[in-house]
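Chemist: fold the following, please.
(chains A and B)
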Amino acid sequence: MTAPTMTSRSPTSTQRSSPRSLSTARSTSSTSTAAAAPAEDLKSFDAEFVKVDRATLFDLILAANYLNIKGLLDLTCQTVADMIKDNTPEEIRKIFNIKNDFTPEEEAEVRKENQWAFE
Amino acid sequence: MSDPVDTSSPRKKGRTLSRFPYASPHSDGGMAVERLTDDLLVEILARLPVKSLCRFKCVSNHWLALIHHPEHRKKLPQPLAGFFYGSTTTSDSYSEWLLKSPVRFADFPGRCTPPIDTSCAFLPNHRRVHLLDCCNGLLLCRWYDASAQGDEFHYVVCNPATRKWTVLPDSGKAASEVATTRLGFDPAVSSHFYVFELINAHELWDPDIVGVAVYSSETRKWVYKEKKWNAEIRIINRQSASVFLNGYLHFVADCGGISVSPCLAVVDTEGETWMNFDVPRGLLDGFIQRSQGRLHYANFQRAEDGVTIRLVVYVLENYQSREWILKHSVDTSHIFGETDSQFGLDGDFEWIGIHPECNMIFFNFGWFITFTCYNMDSGQVKLISGLVDGKPPYMPYVPLYAELQSLHI
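Modeler: Below is the predicted model:
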């Protein structure tokens, strides 16, 4: 993730938002005038950064979206995608707090049409 | 990007954010996850493998609608929609080489999105359209203008999902010189496509390829480069599948002068890198296809006992070592049932394709035209449907809904 471009904000307006993303933003933006860190260092930094529980990850997605930090949004969305890619629909419903509003027949039909994805 | 949902009364932005807890009292991020807007959900879904995405259509009506929404389809990976194939019903004097028109399409079960005009009726006034190749959602056709005489044609690259097309300039090579024309397009790498014309030597009998003319949609020009393979390369079958992957066009060819053996011939979009290397030996010519981001090679081999025949699938490990890794091997008796040892491999068997996203092989076998699917993971063999009249080339089609700058009316 490249250093996000941050417009200057007063500390008080954002001091109580997700501290992880802000400290990252501050630490990387403070070095934005210095030489860019090696790619491997940034990559392992990113990997460590997203080693958080799912609740925090979703918070980070919302914060990244709100603060318009594309790199953080890419990273967090990709991390969630990687986390959920092997889940079943029922597991997805639990994670995203979704009610199954298909009738059994409807669900069976959609499942049948996408059978290859379940094998 | 959209703003997070905020149903409270107007507050200063900072104060709103402070209401998000980090350790949610609800199950598993209950608060934050419910505030994910559809846009953000699509951002996550767009990064999933297509197999996962298709499974998650079963989550809820909302997710199903989200995944099928015309705007979101442009961002989301798409599943295999079906195969283009040739027709045996119409006849032509040079029918054995050219695909018949109109283009035919066999639906792959699992498609429940709005129908795509795969007949390419949206192409302007034409006498005939011959489908030459299909790559990652784009089609390459020969377009015969309704008002033109004889065999004059133009190359057209089109996208049936968006109904956009573009006509290519003339390559400068006579049709009689062209062994085969193929399309190269990889949206994950570039929004530009390439068209390769493999040019034959001026020999009547069994010419080998002397060069390649490549069209780039970026430069809108054709560039001809002479071959740099270290052997004579000959197209075995004008309709055999080619693969565009990692910026290279790959095809199985006959290699060598006096003693001929099959090989994999490779050329890049610049006409600068040329490679040819051995393929695993087999009873047929061998079939290549892109699947799950890797180059797959399928063929039949005789087992050590000299009698049993096996279907084998290899994957190319890398271009430097030229190593093929055996991915799968199964006795043909398991797939086709007990048959005579040299069961009609030559006449009765046809490769159709390998699924782009999972370990399934499609083929035709037997007297009657079938459409059979063999699952390498489960070992299951399934008859999908009967193709009424199908013949090669068969081309897997995965729709591309994204708009491309390189296509314009």
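Chemist: give me the most central residue, chain A.
Modeler: residue A:76 (2.0 Å; CA atoms, centre = their mean).
Chemist: pretty sure that residue belongs to a helix, no?
Modeler: Yes: under DSSP: H, G, I helix; E, B strand; the rest coil, residue A:76 falls within a helix.
Chemist: run a quick neighbour tally on residue A:91.
Modeler: 12 (other CB atoms under 10 Å in any protein chain shown). From N, CA and C alone the C-beta is placed, and that goes for glycine too.
Chemist: now do the same for it: helix, strand or coil?
Modeler: Per three-state DSSP, residue A:91 ends up helix.
Chemist: nearest residue to it in space, please, no chain neighbours.
Modeler: Excluding its sequence neighbours, the residue lying closest to residue A:91 (CB to CB, 6 or more residues apart in numbering or on different chains) is residue A:84, at 7.9 Å.
Chemist: residues touching that neighbour, list them.
Modeler: Going by CB atoms under 8 Å, 6 or more residues apart in numbering or on different chains, residue A:84 touches A:91, A:92, A:95, B:44, B:48, B:52.
Chemist: okay, and residue 119 sits in which element?
Modeler: Unless you meant another one, I'm taking chain A. Counting by DSSP states H and E, no helix or strand carries residue A:119.
Chemist: what do you get for residue A:63?
Modeler: Per DSSP H and E, residue A:63 falls inside helix A:54-66.
Chemist: wait, does that helix contact chain B?
Modeler: Yes: residues of helix A:54-66 contacting chain B under CB under 8 Å from any CB of the partner chain: A:54, A:55, A:56, A:57, A:58, A:59, A:61, A:62, A:63, A:65, A:66.
Chemist: show me what that helix is packed against.
Modeler: helix A:19-30, helix A:70-84, helix B:13-17, helix B:30-34, helix B:38-45 (3 or more CB pairs under 8 Å, 6 or more residues apart in numbering or on different chains; DSSP states H and E).
Chemist: so how far is the last one off the chain centroid?
Modeler: In other words, helix B:38-45. 27 Å (CA atoms, centre = their mean, to the nearest Å).
Chemist: who's in contact with the following helix or strand past that helix?
Modeler: The helix or strand immediately downstream of helix B:38-45 is helix B:50-55, counting by DSSP H and E. With contacts defined as CB under 8 Å, 6+ apart, helix B:50-55 is touched by A:84-89, A:114, A:116-118, B:45, B:67, B:76-79, B:110, B:357-358.
Chemist: now a ChimeraX select for only the buried ones of those.
Modeler: To isolate the buried members of the contacts of helix B:50-55 in ChimeraX, using 16 or more other CB atoms under 10 Å in any protein chain shown:
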select /A:84,87,89,114,116,117 /B:45,67,76,77,78,79,110,357,358
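Chemist: in helices, which of the contacts of helix B:50-55 fall?
Modeler: Those of these mapping onto helices are A:84, A:89, B:45, B:67, per DSSP state H.
Chemist: closest to residue B:337 out of these?
Modeler: Closest approach between those and residue B:337, by CB to CB: residue A:89, at 35.6 Å.
Chemist: spatially nearest residue to the closest one (excluding sequence neighbours)?
Modeler: In space, and not counting its chain neighbours, residue A:89 is closest to residue B:58: 4.2 Å by CB to CB, 6+ apart.
Chemist: what's the per-residue pLDDT of the one you found here?
Modeler: Looking at residue B:58, its pLDDT is 95.
Chemist: residue B:376 now?
Modeler: On the pLDDT scale, residue B:376 is placed at 95.
Chemist: report how many residues lie close to it.
Modeler: Residue B:376 has 18 neighbours, counted by other CB under 10 Å.
Chemist: so who does it touch?
Modeler: With CB under 8 Å, 6+ apart, residue B:376 has these contacts: B:313, B:327, B:328, B:330, B:359, B:360, B:361.
Chemist: among the residues of helix A:54-66 next to chain B, the buried ones, what's the ChimeraX command?
Modeler: The buried residues among those can be selected in ChimeraX (16+ other CB under 10 Å) with this line:
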select /A:54,55,56,57,58,59,61,62,63,65,66
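Chemist: one step back: which of the helices and strands packed on helix A:54-66 has the lowest average pLDDT?
Modeler: Mean pLDDT is lowest for helix B:13-17 out of the helices and strands packed on helix A:54-66, coming in at a mean of 39.
Chemist: and the contacts of residue A:84, which of them are buried?
Modeler: Applying 16+ other CB under 10 Å to those flags A:92, A:95, B:44, B:48, B:52 as buried.
Chemist: make CSV out of those residues and add distance to residue A:104.
Modeler: Output for the buried ones among the contacts of residue A:84, formatted as CSV (distance: CB to CB, whole Å):
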residue, distance to residue A:104
A:92, 18
A:95, 22
B:44, 27
B:48, 25
B:52, 23
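Chemist: ok, so of those, who is nearest residue A:48?
Modeler: Taking the buried ones among the contacts of residue A:84 together and measuring to residue A:48 by CB to CB, the closest member is residue B:44, at 20.8 Å.
Chemist: the closest one contacts residue A:81, correct?
Modeler: Yes: Residue B:44 is in contact with residue A:81 according to CB atoms under 8 Å; the separation is 5.3 Å.
Chemist: most proximal residue of chain A with respect to chain B?
Modeler: residue A:55 (3.2 Å; CB to the nearest CB).
Chemist: distance check, the residue of chain A most remote from its centre against residue B:399.
Modeler: Residue farthest from the centre of chain A, counting by CA atoms, centre = their mean, is residue A:105 at 34.0 Å. Distance, residue A:105 to residue B:399, using CB to CB, to the nearest Å: 27 Å.
Chemist: pretty sure residue B:145 is touching residue B:151, no?
Modeler: No: using CB under 8 Å, residue B:145 is not in contact with residue B:151, being 11.3 Å away.
Chemist: is the closest residue to residue B:245 other than its chain neighbours bridged to anything, and to what?
Modeler: Nearest non-adjacent residue to residue B:245, counting by CB to CB, 6+ apart: residue B:290, 5.2 Å away. Beta-bridge partners recorded for residue B:290 (DSSP bridges): residue B:295.
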